[in-house]
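Peer 1: Provide a 3D model corresponding to the input given below.
(one chain, ligands or ions: 1)
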Amino acid sequence: MSAPIVSNDAAPLVEARGLTKHYPVGGGFFAREKLVVRALDGVDLALRPGETLGIVGESGCGKSTLGRCLLRLVEPTAGEVRFDGRDVLTLPAADLRRMRRAMQIIFQDPYASLNPRMRVGAIVAEGIEVHGLAEGAEKRRRVEELLRQVGLGSEHADRYPHEFSGGQRQRIGIARALAVGPRFIVADEPVSALDLSIQAQVLNLLMDLQEQMGLAYLFISHDLRVVEHISHRVAVMYLGRIVERAPRALLYANPRHPYTRALLAAVPVADPRHRPVRAPLQGDVPSPLKPPSGCSFHPRCPYAEPRCRSDVPALVEGAGGHAVACHVFPAPTE
Ligand code: SF4
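Peer 2: A predicted model of the protein is given here:
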């Protein structure tokens, strides 16, 4: 199964410009230098209805911060977020609460995100109650319908989260997100905690729901195979910035940025004789407290030139919507 077809003419549902999140840390009262973690550093993106944008990168690259800033679960330091044309970051609290119905999140650890003392029916019904969408028999009917949509039965409503497998718990998390009728879902490593065979079932469920309901997904994962399966477009992040963004087929067939190429070289392949010949990643991600000057990937990049140490490469879009931030390997022109 591949990702459902999405219209290229549709106006963006979610847009971000220059999205930035810096966390001041430590330093103390007498410290001469104020320290700042640059978790997110000027990210631009646009997402259309029915589209999945995959976000990949090593841990600590800012993927989850990006998802939370888009939903305003974390207040960005700077930048702009628009949902359906409305400025999310300046919305008063009451309007934001209403908008939250349309913007939901699915978490990585389905067990930790479900209250162990609540029955599944009550967990799924919570959003329906908070937003006053239904009560009594109608609420019960909606919960049963949601459980059925995610492949569970109405009998599961009276059970507790610990009575379910990991895959079933993630289905409950998806039902909870769907309960309030969202249009945009941030899926933050939603299958990382699941066995391989269960991963495919949950991914296919997400794609079915997208086709039925026209949902837009920001799909965050460190696993490039999973992202390839579900995404229409993919953005690669490194130290709080997008370094490459392209339609899925272009990115996997012709990765340009040395970081993307190194990530792909590290993906396990069924037959090692067919492993692409690309330089694997060396070293660790530098601290976002003191990101390297110029291109922040330069200490790990085998192609670094003198200008890479001083000049920050801009993310420039070339042919086919393929954008790259690199001095040496720019976006393709045809
Ligand atoms: Fe490597 Fe330079 Fe490109 Fe950065 S800008 S990825 S250091 S070649």
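
Peer 1: dump the residue contacts of the closest residue to the ligand within the stretch 51-200 of the chain.
Peer 2: Using C-beta to the nearest ligand atom, the single residue of the stretch 51-200 of the chain nearest to the ligand is G57, 13.7 Å away. (Each C-beta comes from the backbone N, C-alpha and C, glycine too.) The neighbourhood of G57, defined by C-beta atoms under 8 Å, 6 or more residues apart in numbering, consists of 63, 222, 236-238, 263.

Peer 1: Which of those residues fall in helices?
Peer 2: Of the contacts of G57, the ones assigned to helices by DSSP state H are 63, 263.

Peer 1: Make TSV from the contacts of G57 and add neighbour count and distance to the ligand to it.
Peer 2: Output for the contacts of G57, formatted as TSV (neighbours: other C-beta atoms under 10 Å; distance: C-beta to the nearest ligand atom, whole Å):
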residue	neighbour count	distance to the ligand
K63	25	19
H222	16	19
V236	26	11
M237	24	13
Y238	25	9
L263	22	12
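
Peer 1: I'd like the contacts of G57 as a markdown table, with distance to G26 and pLDDT appended.
Peer 2: Shown next, in a markdown table, are the contacts of G57 (distance: C-beta to C-beta, whole Å; pLDDT from 0 to 100):
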| residue | distance to G26 | pLDDT |
| --- | --- | --- |
| K63 | 24 | 94 |
| H222 | 27 | 92 |
| V236 | 30 | 98 |
| M237 | 25 | 97 |
| Y238 | 24 | 96 |
| L263 | 31 | 93 |
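
Peer 1: Who are the packing partners of the helix or strand of the chain with the lowest mean pLDDT?
Peer 2: Within the chain, confidence by mean pLDDT, DSSP states H and E is lowest for helix 93-100 among all helices and strands, at a mean of 89. Where contact means 3 or more C-beta pairs under 8 Å, 6 or more residues apart in numbering; DSSP states H and E, helix 93-100 is not packed against any helix or strand.

Peer 1: got the contact list for whichever helix or strand comes after it?
Peer 2: Using DSSP states H and E, the next helix or strand after helix 93-100 towards the C-terminus is strand 103-106. Applying C-beta under 8 Å, 6+ apart, the external contacts of strand 103-106 come out as 67-68, 70-71, 73, 83, 170, 173-174, 177-178, 180, 182-188, 190.

Peer 1: Which ones among these map onto helices?
Peer 2: Using DSSP H, the contacts of strand 103-106 in helices are 67-68, 70-71, 170, 173-174, 177-178.

Peer 1: neighbour-wise, which of those residues leads?
Peer 2: The residue in those with the most neighbours, by other C-beta atoms under 10 Å, is Q170 (31 neighbours).

Peer 1: for that residue, what are its contacts?
Peer 2: Shown in contact with Q170 (C-beta under 8 Å, 6+ apart): 106, 110, 190-191, 193-194, 202.

Peer 1: Export those to JSON lines and append columns for neighbour count, distance to L53 and pLDDT.
Peer 2: Formatted as JSON lines, these follow (neighbours: other C-beta atoms under 10 Å; distance: C-beta to C-beta, whole Å; pLDDT from 0 to 100):
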{"residue": "I106", "neighbour count": "24", "distance to L53": "15", "pLDDT": "93"}
{"residue": "P110", "neighbour count": "26", "distance to L53": "22", "pLDDT": "72"}
{"residue": "P190", "neighbour count": "29", "distance to L53": "14", "pLDDT": "91"}
{"residue": "V191", "neighbour count": "27", "distance to L53": "17", "pLDDT": "91"}
{"residue": "A193", "neighbour count": "18", "distance to L53": "22", "pLDDT": "83"}
{"residue": "L194", "neighbour count": "20", "distance to L53": "21", "pLDDT": "85"}
{"residue": "V202", "neighbour count": "26", "distance to L53": "18", "pLDDT": "91"}
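
Peer 1: Nearest to R148 among those residues?
Peer 2: Checking the contacts of Q170 against R148 with C-beta to C-beta, the nearest one is V202 at 16.2 Å.

Peer 1: The closest one contacts L194, doesn't it?
Peer 2: Yes: between V202 and L194 there is a contact under C-beta atoms under 8 Å: 6.4 Å.

Peer 1: Now do the shared contacts for these two.
Peer 2: Common neighbours of V202 and L194 (C-beta under 8 Å, 6+ apart) are 167, 170.
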